[in-house]
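Peer 1: model the following, please.
(one chain, ligands or ions: 1)
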Amino acid sequence: MTVKIFDDYNSMSAAAADIIIETVKHKPEALLCFATGNTPVRTYEILIEKAKASNTDFSRCFCIGLDEWIGVPKEKYGTCHYLLHQQVFNPLGIKSSQIHIFDGMNTNIKAECNKMDAVIDSKGGVDCMLVGIGINGHIGFNEPGVDVTLKAHEQELHGSTLASGQHYFNEPTPISKGITLGLAQVLKAKKLLLLANGKSKTAIIKQAVEGELTNKVPASYVQRADNAIIIIDKEAGAQLSAK
Ligand code: PGA
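Peer 2: Purely as a prediction, here's the structure:
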C-alpha cells in the first residue's frame with residue numbers, strides 16, 4: 001500500500017485520472033473497474049478531458065462496475081449502470097460490447113455473481129480498479145463483518161450505506177441489498193486506487209490505513225495489498241501519523 005496525500009480534491013482526482021490513462025496507454029486491452037459515488041465524479045471529468053487531449057484509445061479496453069443495487073432497474077437514475085454510462089462510458093465512447101455491469105434485477109443473483117467472476121477470470125484479473133470508501137469502512141458493498149475471501153456476492157446493506165445510497169437517486173428508492181465484487185477480487189487488482197476526500201472520511205481513513213486489520217473495517221485489508229494506492233486529500237488524511 002502506498003498513501004498519496006494531495007492538497008485538494010481536484011489534484012487528487014487528476015492523479016487518479018492519470019493512472020487510468022497510463023494503464024490504458026500501457027495496455028490498451030486493460031480490464032478497468034469503476035465505482036460510482038460522489039468521490040470519483042471529478043476523476044471521471046478529468047479522465048474524459050485527458051483522454052481527449054492525449055488521444056488515449058479506449059476502444060480495446062473492457063470495463064466492469066464495482067457493484068449494483070439489487071431490485072432497482074438499471075435505467076433508473078442513480079444505479080451504477082446509469083451513472084457509469086453517463087459519467088464514464090458514453091463520454092469516452094465505450095461500447096456496450098466492452099462493458100459488463102451486474103444486473104440487479106436478475107432474480108438469480110448467484111448466476112449474476114458467477115458471470116462477473118467469469119469475466120474477471122477470463123481477462124486475467126483487473127488491471128486498474130477505482131474504489132471509494134464508506135464512512136463505515138466498506139469498499140463496494142463489502143460491509144463490516146464481510147467474509148474477505150469472497151468473490152462477487154450478494155450483501156445485506158447497513159444503515160449508513162442505505163442512507164448515503166439514497167442520495168444517489170433523484171427520488172426515494174427502496175433499497176436493502178446490493179451485489180458487489182468481493183474483497184478477494186478488489187485486493188487482487190493490479191492497481192487498486194482507493195480515493196477519499198473531505199472531513200467525513202478523516203476518521204475512517206485513519207482506521208483503514210493505520211488501524212487494526214479487521215473485517216469490521218473491510219478497507220483495512222488494503223494495508224495488505226502491495227498494489228493499492230490510497231489517493232486522498234489533506235482533509236481525509238488529517239489524522240494519519242505517517243504523513
Ligand atoms: P461516496 O461513497 O464516494 O459517495 O462518498 C463512497 C462509498 O460509499 O463507497
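Peer 1: correct me if wrong: residue 182 contacts residue 152.
Peer 2: Yes: taking CB atoms under 8 Å as the definition, residue 182 is a contact partner of residue 152 at 5.9 Å. Where C-beta positions appear, they are placed from N, C-alpha and C, glycine not excepted.
Peer 1: what do the two both touch?
Peer 2: Listed as contacting both residue 182 and residue 152 by CB atoms under 8 Å, 6 or more residues apart in numbering is no residue at all.
Peer 1: doesn't residue 165 belong to a helix?
Peer 2: Yes: counting by DSSP: H, G, I helix; E, B strand; the rest coil, residue 165 is located in a helix.
Peer 1: that one touches residue 68, doesn't it?
Peer 2: No: here residue 165 lies out of contact with residue 68, judged by CB under 8 Å, at a distance of 11.2 Å.
Peer 1: how about the strands of this protein, start to end?
Peer 2: Applying DSSP state E to the chain gives strands spanning 2-6, 31-34, 62-65, 67-69, 99-100, 128-131, 153-156, 177-180, 191-196, 228-233.
Peer 1: columns mean neighbour count on top of those, output as CSV?
Peer 2: Formatted as CSV, those follow (neighbours: other CB atoms under 10 Å):
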stretch, mean neighbour count
strand 2-6, 15
strand 31-34, 24
strand 62-65, 23
strand 67-69, 26
strand 99-100, 18
strand 128-131, 27
strand 153-156, 18
strand 177-180, 24
strand 191-196, 25
strand 228-233, 24
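Peer 1: can you put these in a markdown table and add distance to the ligand and mean pLDDT?
Peer 2: What follows is the strands of the chain, written out as a markdown table (distance: least, CB to the nearest ligand atom, whole Å; pLDDT from 0 to 100):
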| stretch | distance to the ligand | mean pLDDT |
| --- | --- | --- |
| strand 2-6 | 16 | 98 |
| strand 31-34 | 12 | 98 |
| strand 62-65 | 13 | 98 |
| strand 67-69 | 9 | 98 |
| strand 99-100 | 20 | 98 |
| strand 128-131 | 7 | 98 |
| strand 153-156 | 13 | 98 |
| strand 177-180 | 10 | 98 |
| strand 191-196 | 8 | 98 |
| strand 228-233 | 12 | 98 |
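Peer 1: hang on, isn't residue 87 packed against residue 39?
Peer 2: No: here residue 87 lies out of contact with residue 39, judged by CB under 8 Å, at a distance of 11.9 Å.
Peer 1: more neighbours: which of the two?
Peer 2: Set residue 87 next to residue 39 and count neighbours by other CB atoms under 10 Å: residue 39 wins out with 25 against 19.
Peer 1: residue contacts, the residue positioned nearest the centre of the chain?
Peer 2: The centroid of the chain falls nearest to residue 131 when counting by CA atoms, centre = their mean (2.6 Å). Neighbouring residues of residue 131 by CB under 8 Å, 6+ apart: 33, 35, 66, 139-140, 186, 192-195.
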